[in-house]
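In: with the input below, show me the fold.
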Amino acid sequence: MSMLKALRAIVIGAGFAGEGHTRALQHCGVDVVALCGREPEIVRARAAALGVPLASTDWRVTLEQVRPDIVAIATPAALRREVIEVAVALGCHLFCDKPLATTASEAEALCQLVEAAGVKHAFAATRRYEPSVVWLAELVARGVIGRITQATYHVSAHLAPPLPWSWALSLDQGGGLLNGHFPHLLSILERVLNGTLSRATGQAKFGIERAPIIPSIHDFRDWSTRADALTSEELERAEWRMCDADTSYSAHLHFATPTGMVPVTLISGPEVKMAQLCLFGEHGTLIAQGETAFRILHNVQELPVPERLIAALPKLGEGCEDRWAALAREFVADICGEPHAPYLTFRDGQRYQRAIEAIRSG
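Out: This is a model prediction of the structure:
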């Protein structure tokens, strides 16, 4: 990507998403000059591994000293508002993971803030960049099954005990499956249907009342690994903390599309045995099997993803990082005034947060 000057960025959050944001921006030619995190040893090690010159435990001082072009925010949602306010005051563009905020009202306030400031802002619900999702959207646009009349979407994602306590089990921190998982599904559906979410109702389930506090858990990777290895002795010795995050959910959604309103029934929970998206049209059905990447079937015949779509996705070695880089590519091009495809912004994050609250409220 050609740029008049190398854009500089600071990434705030030294966990899984922080690493992904760093590599995605670097892939797009951005100079990530600082990585900020809470724990000195971890942030130093991560910065060194990523080739980032400055490791910081004080994001505010670092922001004010460096005054970068871009701030990437990879913290839990509860820690984002102050960062965004400071970054906007410095005129920084914002690359933010999902969910945008902990509540719809906070998401709306952040959206108004960045729009009034005139900075660019990207919202990282990125599974829409998966090549099989792009292919499914092309098939729908071509009218392979005619006008879509309805759809069902079943995914097996859910949170089940025993899990160590983390912010992901606290709604106040931005946790819960709706906050962490649902934005990806909405972004897939909006891309495939070429539509916009119009209505959402549903029900969230809360299946974990408390969880053990286990030391030495830094991010999602540690959390999932330790969950698989918890022993009865650890559980007996551990201090336990209360949890209030949703662990599974179901939703009835309506999408406004160029050919009319499309109702979608979505179920995410342990009862789902096969993950698949079924699109019912006037002239047939498209079935997309799988969680992140789809195997697409039409009348029992598989429709392989074209190589051109696979080649178009950046290759960083990890699926999540590839998709973060796909978003970063459009975001950076927009900042530089170069041609770019539309991408999700804080306005979409605010819309998604309203849908999350509607479902969670029942």
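In: domains in this protein, as residue ranges please.
Out: 8-126+313-344, 131-310 (automatic domain parsing).
In: please enumerate the strands of the stretch 101-250 of the chain.
Out: 121-124, 148-155, 196-205, 210-212, 240-242, 248-257 (DSSP state E, counting those that start in this stretch).
In: just send the ones you listed back as a markdown table, with distance to residue 349, mean neighbour count and mean pLDDT too.
Out: Quick note: C-beta positions are derived from backbone N, CA and C, even for glycine. Formatted as a markdown table, those follow (distance: least, CB to CB, whole Å; neighbours: other CB atoms under 10 Å; pLDDT from 0 to 100):
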| stretch | distance to residue 349 | mean neighbour count | mean pLDDT |
| --- | --- | --- | --- |
| strand 121-124 | 4 | 28 | 98 |
| strand 148-155 | 20 | 19 | 98 |
| strand 196-205 | 12 | 17 | 97 |
| strand 210-212 | 27 | 18 | 93 |
| strand 240-242 | 28 | 12 | 95 |
| strand 248-257 | 17 | 20 | 98 |
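In: TSV for those strands, including distance to residue 293?
Out: Formatted as TSV, the strands of the stretch 101-250 of the chain follow (distance: least, CB to CB, whole Å):
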stretch	distance to residue 293
strand 121-124	18
strand 148-155	13
strand 196-205	23
strand 210-212	30
strand 240-242	35
strand 248-257	22
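In: can you say which of the ones you listed is nearest to residue 319?
Out: strand 121-124 (13.6 Å; CB to CB).
In: now for that closest one, which elements pack on it?
Out: strand 93-97, helix 319-335, helix 346-361 (3 or more CB pairs under 8 Å, 6 or more residues apart in numbering; DSSP states H and E).
In: winner for burial among these?
Out: Ranked by mean neighbour count, the helices and strands packed on strand 121-124 are led by strand 93-97 with a mean of 26 (mean count of other CB atoms under 10 Å).
In: could I get the average pLDDT for it?
Out: On average, the pLDDT along strand 93-97 is 98.
In: adjacent strands (with direction) for it?
Out: The strands that strand 93-97 pairs with in its sheet are strand 70-73 (parallel), strand 121-124 (parallel) (by DSSP bridges).
In: mind putting those into JSON lines with distance to residue 80?
Out: Putting the strands paired with strand 93-97 into JSON lines (distance: least, CB to CB, whole Å) gives the following:
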{"stretch": "strand 70-73", "distance to residue 80": "5"}
{"stretch": "strand 121-124", "distance to residue 80": "12"}
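In: what about the helices in the chain?
Out: Shown for the chain, the helices assigned by DSSP state H span residues 16-27, 40-50, 59-66, 80-89, 104-117, 131-142, 177-180, 182-193, 220-229, 232-237, 307-312, 319-335, 346-361.
In: out of those, which comes closest to residue 261?
Out: Among those, if distance is taken as CB to CB, the winner is helix 182-193, at 10.2 Å.
In: so who does the closest residue to residue 262 other than its chain neighbours touch?
Out: Spatially, and ignoring its direct neighbours in sequence, residue 262 is nearest to residue 255 (4.8 Å; CB to CB, 6 or more residues apart in numbering). Shown in contact with residue 255 (CB atoms under 8 Å, 6 or more residues apart in numbering): 189, 190, 193, 195, 196, 197, 198, 261, 262, 264.
In: hmm, which of those are the buried ones?
Out: Neighbour counting with 16 or more other CB atoms under 10 Å marks 189, 190, 193, 195, 197, 262, 264 as buried within the contacts of residue 255.
In: reformat those as TSV; add distance to residue 303.
Out: What follows is these, written out as TSV (distance: CB to CB, whole Å):
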residue	distance to residue 303
189	19
190	21
193	18
195	21
197	26
262	20
264	21
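In: returning to what we had before: who wins for proximity to residue 20 among the strands of the stretch 101-250 of the chain?
Out: strand 121-124 (8.8 Å).
In: C-alpha coordinates for the closest one, PDB please?
Out: Listed next in PDB are the C-alpha coordinates belonging to strand 121-124 (Å, rounded to 0.1, in the frame of the first residue of the first chain):
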ATOM      1  CA  HIS A 121     -12.900   4.600  13.100                       C
ATOM      2  CA  ALA A 122     -13.000   0.900  12.500                       C
ATOM      3  CA  PHE A 123     -15.000  -1.800  14.400                       C
ATOM      4  CA  ALA A 124     -13.400  -5.200  14.300                       C
END
